[in-house]
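> just the structure for this:
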Amino acid sequence: QVQLVESGGGLVQAGGSLRLSCAASGRTFSSYGMGWFRQAPGKEREFVAAIRRSGGTYYADSVKGRCTIFRDNAKNMVYLQMDGLKPEDTAVYYCAATKLADFRRERYEYDYWGQGTQVTVSS
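As a prediction, the model looks like this:
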């Protein structure tokens, strides 16, 4: 089993940056694909970015070019660097882990979830 704990959220002005972190427990972190999702008030949880076990990355069109997902398997960490933030990026951001290979962008494909971290972007 994997436990995930996100951190790094906060309040930032439009155009600013944040780096979200996700700490994973367990000795098999490197065997999981990782993803970031977000959920805005009144909306469905949506895919943001994913990173393969091998390090390949994939992004939602809405954040492509503004976000970077990366991982440090030695530290059991995955990160989401967000630049050029917009008010529409305001949401609770969740880290998730999947046992499935390749890029996964559907919620049901992920086995473990963190509790989320709030990101608020002011205009």
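> helices of the chain, start to end?
Taking DSSP state H as the criterion, the chain contains no helices.
> neighbours of Gly10, how many?
The number of residues packed around Gly10, counting by other Cβ atoms under 10 Å, is 13. Placement of C-beta: from N, CA and C, glycine included.
> measure the nearest residue to it once chain neighbours are set aside to Gly33 for me?
Take Gly10 and drop its neighbours on the chain: the residue closest to it by Cβ to Cβ, 6 or more residues apart in numbering is Leu18, 6.4 Å away. Computed as Cβ to Cβ, to the nearest Å, the Leu18 to Gly33 distance reads 23 Å.
> got it, and Phe70?
13 Å.
> which residues do those two both contact?
Overlap between the contact sets of Phe70 and Gly33, as judged by Cβ atoms under 8 Å, 6 or more residues apart in numbering, is given by Ile51.
> between these two, who's got more neighbours?
The neighbour comparison of Phe70 against Gly33 (other Cβ under 10 Å) goes to Gly33, with 25 against 15.
> what sits against that one?
Applying Cβ under 8 Å, 6+ apart, the residues near Gly33 are Ala50, Ile51, Arg52, Arg53, Ala97, Thr98, Lys99, Leu100, Ala101, Asp102, Phe103, Arg104.
> mark which of the residues you listed are buried, thanks.
Among the contacts of Gly33, those classed as buried by neighbour count (16 or more other Cβ atoms under 10 Å) are Ala50, Ile51, Arg52, Arg53, Ala97, Thr98, Phe103, Arg104.
> of those, which is the nearest to Thr117?
Within the buried ones among the contacts of Gly33, distances to Thr117 taken as Cβ to Cβ reach their minimum at Ala97, with 15.8 Å.
> so where do the strands sit in the protein?
With DSSP state E applied, the chain shows strands at 4-7, 10-13, 18-24, 33-39, 46-51, 57-59, 67-72, 77-82, 91-98, 112-113, 117-122, listed in chain order.
> dump those into JSON lines; add mean pLDDT as well.
Formatted as JSON lines, the entries for the strands of the chain read as follows, by pLDDT from 0 to 100:
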{"stretch": "strand 4-7", "mean pLDDT": "98"}
{"stretch": "strand 10-13", "mean pLDDT": "98"}
{"stretch": "strand 18-24", "mean pLDDT": "98"}
{"stretch": "strand 33-39", "mean pLDDT": "97"}
{"stretch": "strand 46-51", "mean pLDDT": "98"}
{"stretch": "strand 57-59", "mean pLDDT": "96"}
{"stretch": "strand 67-72", "mean pLDDT": "97"}
{"stretch": "strand 77-82", "mean pLDDT": "98"}
{"stretch": "strand 91-98", "mean pLDDT": "97"}
{"stretch": "strand 112-113", "mean pLDDT": "96"}
{"stretch": "strand 117-122", "mean pLDDT": "98"}
